[in-house]
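In: What follows is a predicted structure for the sequence shown.
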Amino acid sequence: MARVCKRWKRLAYERPLWKRVDLAPYSRRLDGRAMWRIVRQFFTPSLKSLTLAGHLHSGRTGEIVSTPLLLELKSRAASLRHFCITTADLTGVNLSDLPESLVTLETRNCEIPPRWFKSLELDGAFRNLRAVDLSCCSRVSDPDVIDICHASSLKVVKLSWCYRISNSSIQHLSEKLTQLERLDLEGCKITDVSLHHIGS
């Protein structure tokens, strides 16, 4: 539409209008260089929600995000509330690279390194975080769940098909996350012991 009408084109390039951005449908055409251009040209403190899709298992070299790019995002969109990225290799980036204003963090079907959430141990780190979705992140294990529990204000935790987690971390989660309203454990290898702790 921006190509058809000059006025629409001008509106499309108005950076304050870029509040909720979903680039996932364009993942095949996006690479790190294109993301740099978008972040620098359009992202401002007005940005509240960003959705991306990476290149995990696609056969492409290079990932859509990197530490320098996320730090640039952090400096330009310091009020970002919702960050969703799917099918991405995040082993080269840190949780601390993301804006600490996040309320919702979704990394569905992503590859994350061990103890990626360890920085939540720091006082005041991601204190606004209320929801975490790690569905189908196959590397997530008990230490990661324990680290997540440092975000004590979490209300939603989704761990479906994270088959490495066990009863012990679910027990820890049920004790520490006292404000939890939703817990998704579909496909996890847990027993009635975990259900007992969740229900008690």
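Out: Right, received. Where do you want to start? Numbers count the residues shown, from 1 in each chain.
In: and stretch 5-23, average pLDDT?
Out: Across stretch 5-23, pLDDT averages out at 80.
In: start to end distance for it?
Out: 22 Å (Cα to Cα, to the nearest Å).
In: swap in stretch 75-91?
Out: Stretch 75-91 end-to-end distance (Cα to Cα) = 21 Å.
In: what residues are up against residue 163?
Out: With contact taken as Cβ atoms under 8 Å, 6 or more residues apart in numbering, residue 163 is in contact with 138, 187-189. Every C-beta, even on glycine, is put in place using the N, C-alpha and C of the backbone.
In: Report pLDDT for it.
Out: 94.
In: wait, residue 18 sits on residue 49?
Out: No. Using Cβ atoms under 8 Å as the test, residue 18 is too far from residue 49 to be in contact (10.1 Å).
In: out of these two, which sits in the more crowded spot?
Out: residue 18 (19 against 16; other Cβ atoms under 10 Å).
In: Could you find the closest non-adjacent residue to that one?
Out: With Cβ to Cβ, 6 or more residues apart in numbering as the criterion, residue 18 has its nearest non-adjacent residue at 4.9 Å, and that residue is residue 42.
In: buried stuff in stretch 15-31?
Out: 18, 21, 23-24, 27, 30 (16 or more other Cβ atoms under 10 Å).
In: which residue ranges form the helices in this structure?
Out: Secondary structure of the chain, counting by DSSP state H: helices at 6-12, 32-42, 67-76, 142-148, 167-176, 192-199.
In: For this structure, give me the ranges with low pLDDT.
Out: 1-4, 7-12 (pLDDT under 70).
In: so where do the strands sit in it?
Out: For the chain, the strands defined by DSSP state E occupy 20-22, 49-53, 82-86, 104-106, 131-133, 156-158, 182-184.
In: Show me what the first one is packed up against.
Out: Which is strand 20-22. Counting contacts by 3 or more Cβ pairs under 8 Å, 6 or more residues apart in numbering; DSSP states H and E, strand 20-22 is packed against strand 49-53.
In: List the strands paired with the strand it packs on, with their directions.
Out: Applying DSSP bridges to the sheet, strand 49-53 is found paired with strand 20-22 (parallel), strand 82-86 (parallel).
In: Right, I'll leave it there.
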